[in-house]
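In: model the structure of this input:
(one chain, ligands or ions: 1)
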Amino acid sequence: MTGLDWHAWHSAYGSPDSELTRRLRTVTAHITSALDEAPPGPLRVVSVCAGEGRDILGALAGHPRRSDVSARLVELDPRNTEAAREAAAALGLSGVEVVTGDASLTDAYLDAVPAHLVLMVGVFGNISPADIERTTGFLGHLCAPGGLVVWTRNRKDPDLFPRVCGWLEERGFERVRISEPGVRQGVGVHRRTGAPGRLPSGERMFTFIGYDVLNAR
Ligand SMILES: C[S@@+](CC[C@H](N)C(=O)[O-])C[C@H]1O[C@@H](n2cnc3c(N)ncnc32)[C@H](O)[C@@H]1O
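Out: Purely as a prediction, here's the structure:
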């Protein structure tokens, strides 16, 4: 299993030109657009393996819909959840709930979905291809009809980015926008067009292996 320090991993955000910082800017812009275009009324957001929550917190910080949003961020490392809680409190985002727990379990989301916006950022590069495909099936239950999934996947060989698009599009999602093939940290946005789903309890969607272990295979 992953031997990486997932708190230290966030230090790459300290560099304005790192691939991760560029990915964060793209993801934050997509979240902002999703909030701009969201229907009026309460909005649910869930973030799977949220880290320090920089994307959703950055988008909500100055957004006019910030008080409409109830967000559940699920992250395993307590140092990251502490950072996310502190950042949310500093921004006065009382609708942001940060849970220290296993984001791979459907039980983490049962009372928080269907969500208008599902963030799957930094996950698909850390789990097996079979688990990516399996997770795209659960996304149909996490995401409300008309809602959006913002997801990422690196473009390293083997480049699974096109297959992730295909798996989503076979499972009731339509492509909204995807990053150019030359962008190494690919970002996609897909809209739920399929029927509403009911998230099953007691299921594990994926095993978080870590890119360090996956790359060594
Ligand atoms: C690649 S980072 C992405 C963090 C964040 N989404 C971002 O893009 O900044 C992956 C995160 O998943 C967390 N993680 C690993 N396994 C997890 C699990 N089973 N449940 C919840 N979080 C997990 C790690 O601690 C790490 O913060």
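
In: using CSV, list the CA coordinates for the longest helix belonging to the chain.
Out: If you go by DSSP state H, the chain has its longest helix at helix 19-37. What follows is helix 19-37, C-alpha atoms only, in CSV (Å, rounded to 0.1, in the frame of the first residue of the first chain):
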residue,chain,number,x,y,z
GLU,A,19,1.9,20.5,-12.5
LEU,A,20,-0.2,20.2,-9.4
THR,A,21,-0.7,23.9,-8.9
ARG,A,22,-1.8,24.1,-12.6
ARG,A,23,-4.2,21.3,-12.1
LEU,A,24,-5.6,23.0,-9.0
ARG,A,25,-6.2,26.2,-11.0
THR,A,26,-8.0,24.3,-13.7
VAL,A,27,-10.1,22.3,-11.2
THR,A,28,-11.0,25.4,-9.2
ALA,A,29,-12.0,27.2,-12.4
HIS,A,30,-14.3,24.2,-13.3
ILE,A,31,-15.9,24.3,-9.8
THR,A,32,-16.4,28.0,-10.1
SER,A,33,-18.2,27.5,-13.5
ALA,A,34,-20.3,24.7,-12.0
LEU,A,35,-21.4,27.0,-9.2
ASP,A,36,-22.0,29.9,-11.6
GLU,A,37,-24.3,27.7,-13.7
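
In: would you tell me what the next helix or strand after it is?
Out: Counting by DSSP states H and E, the next helix or strand C-terminal to helix 19-37 is strand 43-48.

In: now for that following strand, which elements pack on it?
Out: For strand 43-48, the elements it packs on are helix 54-61, strand 69-75, strand 115-120, judged by 3 or more CB pairs under 8 Å, 6 or more residues apart in numbering; DSSP states H and E. Any C-beta I mention is one placed from the backbone N, CA and C, and that applies to glycine too.

In: and the residue lying closest to Arg163 once chain neighbours are set aside, how many neighbours?
Out: Among residues not flanking Arg163 along the chain, Pro129 sits closest, at 7.4 Å (CB to CB, 6 or more residues apart in numbering). Using other CB atoms under 10 Å, the number of residues around Pro129 comes to 14.

In: against Glu37, how distant is Pro129?
Out: Pro129 sits 32 Å away from Glu37, going by CB to CB, to the nearest Å.

In: same question, Phe173
Out: According to CB to CB, Phe173 and Glu37 sit 16 Å apart.
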